[in-house]
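J.: just need the structure, nothing else, for what follows:
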Amino acid sequence: MPSRAVRMQRRIKQRFFSSVQLSSLPDYALLDVITVPRQENSSPWSMLGRRFVWAMLLVVFVTIVVYIGQEGYSEELTFLDAAYYATVSLTTVGYGDIVPVSQQARFINVAVVTPARLAFLFLLVGATLSVLTDKTRRTYQIQQWRKNLRNHTVVIGYGTKGAGAVAALLADDVPASQIVVIDTDRSALSNAEHHGLVTIYGSGTKADVLNIAGVSRASSVVVTPSTDDTAVLCTLSVRELAPDAKIVASVRESENRHLLRQSGADSVVTSAETAGRLLGLATVTPTVVEMMEDLLSPNEGFSVAERPVKEFEVGSNPRHLADIVLAVLRNNEVHRVDTKNASALKPGDRLLYIKHSMEDPAEVEDSED
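T.: Next comes the predicted model:
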């Protein structure tokens, strides 16, 4: 008899894992699932205008060619006759009142007029061809994106918390092309697409959705669904597919923090408890809340940043540095500046400090000075 844990895993898989795996589908079948931002957006009117201009240029071109070789036709042609012949030929009407009779005129019709007629027909059915070409382009774009995706960040859930996390990543100079958003809300995905992000429609609890998002090759995953139970399932699925990825999860209630930790989250942020504390502080010391919001707001005033210890800083007390240091990161452990372990800096340490938005990142990352 299967154990209780095995039966529970089966029920979870039956509920959250679809029978058709998206990761096994060809790229063209994922056009409604993956959206890669377009480099340029052309309106239908501009596309129609360009086609019309090209069609008229073809008519003018064939008219000039026919008029230059007018001696080879069944009657003497005026420029208007040449334009008339070009029009009826390109539109394949072909009344037959004007026909080429000389060898040279017939050769010109085979070598010039016929290819121009084919091009004109392509322009007439340009709307259909545009749709087919757009699908082919998008399929190729998705194929290349999936092939080159490495060391990116996956954000599961693009609500208020997810959008805030993305804003912080963008403010930290993370390229928009390196951020992938997963959500089941089309309007939220549309908003993310407007910010230049790659979006995937689906649930972050499903392994096939996570696979096409390249979670196994991601460097970090941000889990911000609307409910705590979904956050736990997302974290379990992500940790199973990406054992080495850094998982940062959001939970509404502090009593569920340990569930996310047990599921494999490296960091857990309690949204409801944090908001409650800020509300309490705002009633007593509103200026403190303003400073906290300043520290948490990207590209606005001060922010909390991380940098390596410079060579001349080794052996120093972090409280005596020019920067306002909050903690020392050593061997993946955080030590506050008021603790004994952070009293003297060592090679390889990293500092958590308060950075001004106008500070040059090159100066921060330069550890050779």
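
J.: for the rest of this, base every contact and every neighbour count on C-alpha atoms.
T.: Noted.

J.: so residue 350 touches residue 329, yeah?
T.: Yes: Residue 350 is in contact with residue 329 according to C-alpha atoms under 8 Å; the separation is 5.0 Å.

J.: so which residues of this structure form helices?
T.: Secondary structure of the chain by DSSP state H: the helices cover 4-16, 44-68, 79-90, 103-108, 114-124, 126-148, 160-171, 186-194, 207-212, 228-241, 257-263, 271-284, 286-296, 361-365.

J.: list the helices and strands the second one packs on?
T.: Using 3 or more C-alpha pairs under 8 Å, 6 or more residues apart in numbering; DSSP states H and E as the contact test, the elements touching helix 44-68 are helix 79-90, helix 114-124.

J.: can those go into CSV with extra columns for mean neighbour count, mean pLDDT and distance to residue 100?
T.: As requested, these are exported to CSV (neighbours: other C-alpha atoms under 10 Å; pLDDT from 0 to 100; distance: least, C-alpha to C-alpha, whole Å):
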stretch, mean neighbour count, mean pLDDT, distance to residue 100
helix 79-90, 19, 88, 10
helix 114-124, 17, 79, 13
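
J.: tell me the bridge partners for residue 334.
T.: Here residue 334 sits in beta bridges with residue 329, as judged by DSSP bridges.

J.: thinking again about what came up before, out of the helices and strands packed on helix 44-68, the one nearest residue 319 is which?
T.: For those, distance to residue 319 was read as C-alpha to C-alpha. The smallest value, 71.0 Å, belongs to helix 114-124.

J.: other SSEs contacting the closest one?
T.: Under the contact criterion of 3+ C-alpha pairs under 8 Å, 6+ apart, the helices and strands touching helix 114-124 comprise helix 44-68, helix 79-90.

J.: on that earlier part again, ok, which of the helices and strands packed on helix 44-68 comes nearest residue 141?
T.: Nearest to residue 141 among the helices and strands packed on helix 44-68 is helix 114-124 (24.0 Å), distances taken as C-alpha to C-alpha.

J.: can you put the helices and strands packed on helix 44-68 in TSV and add distance to residue 260?
T.: Formatted as TSV, the helices and strands packed on helix 44-68 follow (distance: least, C-alpha to C-alpha, whole Å):
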stretch	distance to residue 260
helix 79-90	68
helix 114-124	57
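
J.: among these, which is nearest residue 249?
T.: Counting by C-alpha to C-alpha, and looking across all of the helices and strands packed on helix 44-68, nearest comes helix 114-124 at 51.9 Å.

J.: tell me the confidence at residue 229?
T.: What the model reports as pLDDT for residue 229 is 89.

J.: and it, how many neighbours does it have?
T.: The burial metric for residue 229, expressed as a neighbour count using other C-alpha atoms under 10 Å, is 14.

J.: quick one: closest of the helices and strands packed on helix 114-124 to residue 355.
T.: With C-alpha to C-alpha as the yardstick, what comes closest out of the helices and strands packed on helix 114-124 is helix 44-68 (46.6 Å).

J.: in stretch 313-328, what's buried?
T.: Neighbour-count burial for stretch 313-328 flags 313, 318-319, 325-328 (criterion: 16 or more other C-alpha atoms under 10 Å).

J.: pLDDT weak spots in this protein?
T.: Low-confidence segments of the chain, defined by pLDDT under 70, are located at 1-48, 124-135, 272-279, 281-282, 288-289, 292-301, 356-369.

J.: how does it divide into domains?
T.: The record assigns the chain these domain ranges, following the TED database: 44-143, 150-274, 301-368.

J.: would you list the ones you listed in a markdown table and tack on distance to residue 290?
T.: Formatted as a markdown table, the entries for the domains of the chain read as follows, by distance: least, C-alpha to C-alpha, whole Å:
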| stretch | distance to residue 290 |
| --- | --- |
| domain 44-143 | 43 |
| domain 150-274 | 15 |
| domain 301-368 | 11 |
